[in-house]
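Asks: here's a sequence, model it:
(one chain, ligands or ions: 1)
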Amino acid sequence: VPAAPLDPARDPAARSLLAELGSEHTADLRLGGVAAIDLVREFGSPLYAYDAALLRRRARAVQAALGPRIGLLHSIKANPSLALASILRACGCGAEIASLGELHLALAAGHAAKDLRFAGPGKTDAELHAAVHAGLERFHVESADELLALQQVAAASGRRLEVAVRVNLTQSQRAGRMRMAGSGARFGVDEAEAAALLESCRAQDHVAVIGLHSYAGTQNFDAERFVAGATDLCALAERLRRDTGWPLPELNFGGGFGSPAFVGDPQFDLDAAAAGLAELRAKHDGAGRSFWVELGRYLTGPCGVYLCTVVRKKQSAGRTHLALDGGMHHAAAAAGIGSVLRSAPLLVHATRLQAQADEEVAVGGPLCTPLDRFGDALLLPHSETGDLLAVLGAGAYGLSYSPHSFLSHPTPAEALVEDGKARVIRARGEVQDVLRGQRP
Ligand SMILES: Cc1ncc(COP(=O)(O)O)c(C=O)c1O
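Replies: Model (predicted):
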């Protein structure tokens, strides 16, 4: 947590998010033209709220930048909301899933099972069986062990499955704040092992390796690094084609495009990434070849805000403290969980957006842990008990990434604003949820 007081609302990252929400010049935070305070009056606090039109704009901007020959998959893990997933599917995004729960959600959102890709390093045999039974045909395989298991599942069910091998590229993939490749990793097959893995598939009929996949890490703000990783993946595909004869028509470059969530976060240069990928595509294109990017955060992050109310205000040791009704149990990332160095989240006063930030405050939630805090020295416009604050850029890795069982508060509702109207897309939890499934 930064020692010097920071005014998140003046930060360029917050200004750009406010502009995307249409609230750059308004006194109060709005989503799709509806005031956040009205959303909370209608649906209660704390609340996650999303702007449907912004989500569509983000998806279309990525699709337009990538062009028709590079497909866009929605990584459902970033926000497992049925409403958001349905909007993205209707925009023409495919989907990448990483659990049977996400499979269930993707099907409910209208995806065809045969078009989904099942990723993740720890899929159990039972999950592979269930996925095949549900009609899945494409898997991202992360180890030789998993490939063997998938071959057995395919043989037992008499199905022919397609596999893209997730490769843990050694050199250029050190991008992203949360890295998932590079030196030895639970994710993907080491680059040096890829050829042997392809060879091991030659003798059997049920699983066809159709491509390569790589994913370096999330919150990558460096488009050049992303393109460098994609370049390495293409080079590996060419090498493997030459050495083993496998055509590898499908190349999936992964995702991780950064989306501002903290004070000082830069913007991801979508056009630069798209230009680099376009060059690669032109060089490696061919009949039957397909190229993919899979994104979560970049699509949903800016569309969502987490709204919470000041419950108590007090002085302690010369410092003003605000205690909110929301916190780390709903918005863990904003509270710095998962970050090595804590940064200030983009926390703004939702009804005094343009007001002078003249009060230095420490802001935290209702949990009985010092970890439940959004900042120790934030500059906000003067706040009173009952005022509404908002975490901007909160539409990805929010509620589902948070320890929402801790202290047994009900989960917040989620609301979607579309065509000037708001509706609940996930009901608020109830106090009684604490007993769900429990036996004395
Ligand atoms: C394999 C894979 N693909 C895609 C994503 C989505 O990443 P992001 O939301 O940063 O785009 C993740 C996130 O962990 C992932 O593990």
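Asks: now D387, nearest residue through space, not along the chain?
Replies: Computed as CB to CB, 6 or more residues apart in numbering, the closest residue to D387 that is not its neighbour in sequence is V310, at 4.8 Å. Where C-beta positions appear, they are placed from N, C-alpha and C, glycine not excepted.
Asks: I should have written A119 there, sorry.
Replies: The nearest residue in space to A119 (CB to CB, 6+ apart) is H140, at 4.0 Å.
Asks: so the one you found touches F118, yeah?
Replies: Yes - in this structure, H140 is within contact of F118 by CB atoms under 8 Å, at 6.8 Å.
Asks: could you check how far T351 is from A35?
Replies: 8 Å (CB to CB, to the nearest Å).
Asks: likewise T411?
Replies: Taken as CB to CB, the span from T411 to A35 is 23 Å.
Asks: list residues touching both of T351 and A35?
Replies: With contacts defined as CB atoms under 8 Å, 6 or more residues apart in numbering, the residues shared by T351 and A35 are 28-29.
Asks: tell me which residues of the one helix or strand A282 maps to are tucked away?
Replies: Secondary structure assignment for A282, by DSSP states H and E: helix 270-284. By neighbour count on 16 or more other CB atoms under 10 Å, the buried set for helix 270-284 is 270, 273-274, 276-278, 280-281, 284.
Asks: ok, of the residues you listed, which one's closest to H404?
Replies: Nearest to H404 among those is L270, at 31.7 Å by CB to CB.
Asks: could you pull up the residues touching the closest residue to the ligand within the stretch 301-440 of the chain?
Replies: Closest contact between the stretch 301-440 of the chain and the ligand, by CB to the nearest ligand atom, is at A396 (5.9 Å). Counting by CB under 8 Å, 6+ apart, A396 makes contact with 78-79, 259, 296-297, 299-301, 304.
Asks: in helices only, show me those residues.
Replies: 297, 299-300 (DSSP state H).
Asks: tell me, which of these make contact with the ligand?
Replies: R297 (CB under 6 Å from any ligand atom).
Asks: thinking again about what came up before, who are the packing partners of the helix holding A282?
Replies: helix 52-66, strand 70-75, helix 223-244, strand 290-295 (3 or more CB pairs under 8 Å, 6 or more residues apart in numbering; DSSP states H and E).
Asks: now mean pLDDT and mean neighbour count too, for the ones you listed, in TSV please.
Replies: Formatted as TSV, the helices and strands packed on helix 270-284 follow (pLDDT from 0 to 100; neighbours: other CB atoms under 10 Å):
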stretch	mean pLDDT	mean neighbour count
helix 52-66	98	19
strand 70-75	98	23
helix 223-244	94	19
strand 290-295	98	22
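Asks: please name whichever of the ones you listed is nearest to the ligand.
Replies: strand 70-75 (3.6 Å).
Asks: let me know the angle separating the closest one from helix 52-66.
Replies: Computed by axes from the mean of the first three to the mean of the last three CA atoms, to 10 degrees, the angle separating strand 70-75 from helix 52-66 equals 140 degrees.
Asks: give me the sheet partners of strand 70-75 and which way each runs.
Replies: strand 94-97 (parallel), strand 290-295 (parallel) (DSSP bridges).
Asks: contacts for stretch 148-158, please.
Replies: By CB under 8 Å, 6+ apart, stretch 148-158 touches 125, 128-129, 132-133, 139, 141, 160-161, 163, 204, 206-207.
Asks: buried set for it?
Replies: 149-154.
Asks: same question, stretch 398-410
Replies: 398-399, 401-402, 404, 406-407, 409-410.
Asks: let's have the residues you listed in TSV, adding distance to H213.
Replies: Listed next are the buried residues of stretch 398-410 as TSV, based on distance: CB to CB, whole Å:
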residue	distance to H213
G398	26
L399	27
Y401	22
S402	28
H404	31
F406	34
L407	39
H409	38
P410	38
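Asks: dump these into JSON lines; add distance to the ligand and pLDDT as well.
Replies: Below are the buried residues of stretch 398-410 laid out as JSON lines (distance: CB to the nearest ligand atom, whole Å; pLDDT from 0 to 100):
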{"residue": "G398", "distance to the ligand": "12", "pLDDT": "97"}
{"residue": "L399", "distance to the ligand": "15", "pLDDT": "96"}
{"residue": "Y401", "distance to the ligand": "10", "pLDDT": "96"}
{"residue": "S402", "distance to the ligand": "15", "pLDDT": "97"}
{"residue": "H404", "distance to the ligand": "19", "pLDDT": "95"}
{"residue": "F406", "distance to the ligand": "22", "pLDDT": "96"}
{"residue": "L407", "distance to the ligand": "27", "pLDDT": "96"}
{"residue": "H409", "distance to the ligand": "26", "pLDDT": "97"}
{"residue": "P410", "distance to the ligand": "27", "pLDDT": "97"}
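Asks: what is the mean pLDDT for stretch 14-33?
Replies: For stretch 14-33, the mean per-residue pLDDT is 97.
Asks: the chain should start at 50 in everything you say after this.
Replies: Fine by me, first position is 50 from now on; the one you just mentioned is stretch 63-82.
Asks: quick one: that stretch to chain centroid distance?
Replies: Put simply, stretch 63-82 sits 22 Å off its chain's centre (CA atoms, centre = their mean, to the nearest Å).
Asks: ends of it, how far apart?
Replies: 18 Å (CA to CA, to the nearest Å).
Asks: before we move on, the earlier item: so the residue of the stretch 350-489 of the chain closest to the ligand versus A198, what's the distance?
Replies: Taken as CB to CB, the span from A445 to A198 is 31 Å.
Asks: ditto for L429
Replies: 52 Å.
Asks: and the stretch 350-489 of the chain, which residues reach the ligand?
Replies: A445.
Asks: tell me the contacts of L448?
Replies: Contacts of L448 by CB under 8 Å, 6+ apart are 97, 379-380, 460-461, 463.
Asks: 6 Å instead?
Replies: Contacts for L448 (CB atoms under 6 Å, 6 or more residues apart in numbering) come out as H379.
Asks: before we move on, what SS does L154 have?
Replies: Classification of L154 by DSSP: H, G, I helix; E, B strand; the rest coil places it in helix.
Asks: could you check how far the residue lying closest to it once chain neighbours are set aside is from the ligand?
Replies: Using CB to CB, 6+ apart and skipping residues adjacent in sequence, the residue nearest L154 is P129, 5.5 Å away. Noted for P129: a distance of 12 Å to the ligand, by CB to the nearest ligand atom, to the nearest Å.
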